[in-house]
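# this is a predicted model, with the sequence first.
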Amino acid sequence: MWAAMSFCRLLSVLVTLVACFVATNHAAEEANISKRTVSIPLRHNVDSVRNPHWEHYRTLRKHNIPIPGRLQEIVRETSPHKFVSNNAHGGDLLWLAPVQIGTPPQTLYLDLDTGSTDTWVFSTDTDKRNVNGQDLYHPAKSTTAELIDDCTWSIMYGDFSTSSGICYRDTFAFGDIKIEGMTIESAMHASYMFTETAAMSGLVGLAWSSLAQMVPKQPCLIDFLPRMMAEPLFTVDFVHNGTGSFNFGFIDKNLYKDEIKYVDVDTKDGFWTVDYHGFRIAGDSIKYEFAKPKPVIVDTGSTLLFAPEAAVKKYYDLVQGGKFSNKEYAYTIPCDTTPPDYIVELSDAHGNKVETTIPGEYVIYAHLSDNECFGGIQSLGSFTDLQGILGDMYLKSGFAVFDIGEKKFGMAPKPLDTDS
């Protein structure tokens, strides 16, 4: 009997030791996961060609802002069937990141977009008429792909066409960050504006999950990321006429100078929304502040900088030859001039402020004629409560931090290349 009791006690001890070992290993694995960081170099689509009116129109449609009549006319005149595009100044139109999907991994170059939530890709499900050289996701070649029953999605874009399709769960990875069971939206139909961009195979949404277009709702990337990273944040370093990087889980101090300053983010509508406090214009001694800060969205998926109308008008009033063109339905400037720098100031309810200078050289966005250029700073008009969108023109003017855990947005100055 004593031998039997001793054996039972020994067995109990062994079971306890095994349980502790498993728990320790699991904790170590969780700790290892939580310490992951990754730097994603970007592919710069320098040779991309795009019409600035379509960029303007696409952004309004993306954010459900009514389209002014004249802008609709211009877009109809340059329909996809008779589209003649203009070269954007410097080619800073698209930065793409390599992402691995499936097992074994399939690499696709995708646009990391803080202005949307859905992660969708061109795939073997996509109508062949919508495919124009994109790399495709092959769910049938992935041993971890699982079709989600009755899950669909649909997103309308600027050309009145939609990207839509079905949903899978599959392994999603960039660098050492690997997410099993990530929701991958497979396009059955793709918007013309994406079909025409052969280098890009889809979007990775980095906005908040309330924006997701899936029915029924599924977990989004931002739901997975915080527990996968050493720090629940990512940074954006777009480089004018260059590449840059998205970094996840850490802040590279070599990418900026001085200090990062932060403001609170309002996430109730799903966007990275911050308050536009005021602005200054280089060469003008006056600092302009709004009586009530204006809500604006920080959006890596938009190219231009859209500011409140009063700020935009004041800026172009101080640019020699700057004006609003009814013909172009846009603010334009002479191509042979260098506009003044434009300084944006963000704020929050706690008195924090972030100031970023957009070099005047960046404002010359696209040639409309021999000496008339489309300005990179535009207005969203008076038909929306949204006062502005801080797109790539703003983001490449500094080093940006998107803090998911603290719901903050930060910017720091960095060395800039203003060679156009």
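Thanks, I have the structure now.

# show me where the stretch 51-200 of the chain has strands.
Residue ranges of the strands in the stretch 51-200 of the chain, as given by DSSP state E, counting those that start in this stretch, are 95-101, 106-113, 120-121, 146-156, 162-174, 177-189.

# measure the most centrally placed residue in the chain to L96 for me?
By C-alpha atoms, centre = their mean, the chain has its centre lying nearest to D113, at 2.4 Å. Distance, D113 to L96, by C-beta to C-beta, to the nearest Å: 11 Å. For the C-beta atoms, the positions are set from N, CA and C on the backbone; glycine is no exception.

# sorry, back to before: quick one, which of the strands of the stretch 51-200 of the chain is nearest to G375?
Closest to G375 of these is strand 95-101 (C-beta to C-beta; 21.5 Å).

# and the closest one, what other elements does it pack with?
Counting contacts by 3 or more C-beta pairs under 8 Å, 6 or more residues apart in numbering; DSSP states H and E, strand 95-101 packs against strand 38-41, strand 43-44, strand 106-113, strand 162-174.

# can I get these in a markdown table with mean pLDDT?
Below are these laid out as a markdown table (pLDDT from 0 to 100):
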| stretch | mean pLDDT |
| --- | --- |
| strand 38-41 | 79 |
| strand 43-44 | 61 |
| strand 106-113 | 94 |
| strand 162-174 | 95 |
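
# redo those as CSV? Include distance to P334.
As requested, those are arranged in CSV below (distance: least, C-beta to C-beta, whole Å):
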stretch, distance to P334
strand 38-41, 36
strand 43-44, 28
strand 106-113, 32
strand 162-174, 38
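
# closest to E289 out of those strands?
Of the helices and strands packed on strand 95-101, the one closest to E289 (C-beta to C-beta) turns out to be strand 106-113, at 30.7 Å.

# which SS state does K313 fall under?
At K313 the chain is in helix, as set by DSSP: H, G, I helix; E, B strand; the rest coil.

# which pLDDT does the model give it?
We have a pLDDT of 95 for K313.

# and it, how many neighbours?
Residues near K313, counting by other C-beta atoms under 10 Å, number 14.

# heads up, I number from 4, so please use that
Let's use 4 as the start, then, which means that last one is K316.

# one step back: which one of the helices and strands packed on strand 98-104 lies closest to D420?
strand 46-47 (12.4 Å).

# quick check: bridge partners of G247?
F241 (DSSP bridges).

# pretty sure it is touching D255, no?
No: G247 is beyond contact range of D255, at 11.3 Å (criterion: C-beta atoms under 8 Å).

# spit out the residues that contact these two alike.
Both G247 and D255 are contacted by D240, under the criterion C-beta atoms under 8 Å, 6 or more residues apart in numbering.

# circling back to that earlier point, of all the strands of the stretch 54-203 of the chain, which one is nearest P362?
Closest of the strands of the stretch 54-203 of the chain to P362 is strand 98-104, at 18.2 Å (criterion: C-beta to C-beta).

# buried residues in that closest one?
Judged by neighbour count (16 or more other C-beta atoms under 10 Å), strand 98-104 contains these buried residues: W98, L99, A100, V102, Q103, I104.

# check stretch 216-224 too.
So, applying 16+ other C-beta under 10 Å, buried residues of stretch 216-224: Q216, M217, Q221, C223, L224.

# same check on stretch 223-233?
For stretch 223-233, by 16+ other C-beta under 10 Å, it's C223, L224, I225, D226, F227, L228, M231, M232.

# between the residues you listed, which is closest to W211?
Comparing these against W211 with C-beta to C-beta places I225 closest, at 6.0 Å.

# which regions of the stretch 154-303 of the chain lie under the pLDDT threshold?
Along the stretch 154-303 of the chain, segments meeting pLDDT under 70 span 160-164.

# try it again at 80.
159-164, 195-196, 244-246 (pLDDT under 80).

# residues in contact with the closest residue to G324 other than its chain neighbours?
Leaving aside its sequence neighbours, G324 sits nearest to P337 (C-beta to C-beta, 6 or more residues apart in numbering; 4.0 Å). For P337, the contact set (C-beta under 8 Å, 6+ apart) comprises Q323, G324, N374, E375, C376.

# likewise for P362?
By C-beta under 8 Å, 6+ apart, the residues touching P362 are D344, S400, L419, T421.

# tell me which of the residues you listed fall in strands.
Among the contacts of P362, DSSP state E puts none in strands.
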